[in-house]
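Undergrad: Turn this into a model:
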Amino acid sequence: MNNTFFAMTSRMKYIERWALMRNSSKENISEHSLEVAMISHCLANIGNIRLGKDYNAEHISVVAMYHDCTEIITGDMPTPVKYENEEIKNEYKRIEKMAAFRMLNKLPSDLREAYEKIIMPDDLDKQSKKIIKAADKISAFIKCIEEENNGNREFQKAKEST
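TA: From the prediction side, this is the model:
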């Protein structure tokens, strides 16, 4: 039995983000994913409370918590490379999907379906996906501001493009 899923997810703390840039403060995908989950939860609750939406804030935040877990296998692909053109973008999505299947196969068979809805949330509605994407962008923006506040001007362009 190959039940190493949680051993694999614990490796998220070893995958550094922003690898192509000088960082005054390192950030890994574990830290980033928690921040995105917290921001997603907040955004969903703002939608529910202030805008009369009916988002499942808890499910959205759990999906956000795992949104980059495939990077344990693929590594963190820099955004400018990932979105250089449609061909690269589509190929990377295919690679991410293969990595997600590899991750799911590391779970006991009776848990796979529950985690598939989290790691490969194909049935997640468009608005919930937008919330997670917005939270991901906000997290990146926060990182850029923190780096600038630490005197690191290298993040100015990333801040502008975010």
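Undergrad: in terms of contact, does Ala37 touch Ser61 like I think?
TA: Yes. The criterion here is CB atoms under 8 Å, and Ala37 meets it with Ser61 at 4.5 Å. (Glycine included, C-beta is placed from N, CA and C.)
Undergrad: which stretches of the chain aren't confidently modelled?
TA: Along the chain, the parts satisfying pLDDT under 70 run over 1.
Undergrad: those helices in this protein, which residues are they?
TA: 5-9, 29-51, 57-65, 71-74, 79-82, 86-104, 109-119, 126-149, 156-161 (DSSP state H).
Undergrad: what touches both of Ala37 and Ser61?
TA: Residues touching both Ala37 and Ser61 (CB atoms under 8 Å, 6 or more residues apart in numbering): none.
Undergrad: got JSON lines for the helices of the chain, with distance to Arg22 and mean neighbour count too?
TA: Formatted as JSON lines, the helices of the chain follow (distance: least, CB to CB, whole Å; neighbours: other CB atoms under 10 Å):
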{"stretch": "helix 5-9", "distance to Arg22": "28", "mean neighbour count": "14"}
{"stretch": "helix 29-51", "distance to Arg22": "18", "mean neighbour count": "18"}
{"stretch": "helix 57-65", "distance to Arg22": "27", "mean neighbour count": "21"}
{"stretch": "helix 71-74", "distance to Arg22": "21", "mean neighbour count": "18"}
{"stretch": "helix 79-82", "distance to Arg22": "16", "mean neighbour count": "12"}
{"stretch": "helix 86-104", "distance to Arg22": "25", "mean neighbour count": "14"}
{"stretch": "helix 109-119", "distance to Arg22": "32", "mean neighbour count": "14"}
{"stretch": "helix 126-149", "distance to Arg22": "9", "mean neighbour count": "17"}
{"stretch": "helix 156-161", "distance to Arg22": "12", "mean neighbour count": "12"}
